[in-house]
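Peer 1: got a structure for you, letters missing:
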């Protein structure tokens, strides 16, 4: 019984992974010439349109040398956050499961 349950979970996970991959590829195929930018750039552009004389309150502490490094740091920050959240969720799920046994 346990082996068939594990097999069905693995099959479901594989189907979900393929569905996510299909959504990502589909989005890129539909909008091939699209410009994928962040909301920070759009906000800066809008502020400049509203008030061309505006000066920011703060300067960046660390200015990455290139856009690739900036993207890497952003991705690492997001991955670390997801790792911490999933660890906490797994910890409490395991704690609840072991308390039920």
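Peer 2: Noted; the coordinates are in hand. Fair warning: this is a prediction, and the values are worked out from it, not measured in the lab.
Peer 1: can you point me to the longest helix in the protein?
Peer 2: helix 67-100 (DSSP state H).
Peer 1: state the mean pLDDT of that one.
Peer 2: Averaged over helix 67-100, pLDDT sits at 91.
Peer 1: before we move on, what about stretch 14-23?
Peer 2: If you average the pLDDT over stretch 14-23, you get 94.
Peer 1: let's number from 52 now, not from 1
Peer 2: Got it, first residue is 52 now, which makes that one stretch 65-74.
Peer 1: that one: how far from the chain's middle?
Peer 2: Here stretch 65-74 is found 16 Å from its chain centre; the criterion is Cα atoms, centre = their mean, to the nearest Å.
Peer 1: stretch 113-129: which residues count as buried?
Peer 2: Of all the residues in stretch 113-129, not one is buried under the rule 16 or more other Cβ atoms under 10 Å. Where you see a C-beta, it was placed from the backbone N, CA and C, and this is true even at glycine.
Peer 1: how about residues contacting it?
Peer 2: Around stretch 113-129, nothing counts as a contact under Cβ atoms under 8 Å, 6 or more residues apart in numbering.
Peer 1: and the pLDDT at residue 80?
Peer 2: Predicted confidence (pLDDT) for residue 80: 86.
Peer 1: what about it, distance to residue 55?
Peer 2: Using Cβ to Cβ, to the nearest Å, residue 80 is found at 37 Å from residue 55.
Peer 1: kindly report the same for residue 151.
Peer 2: Counting by Cβ to Cβ, the gap from residue 151 to residue 55 is 22 Å.
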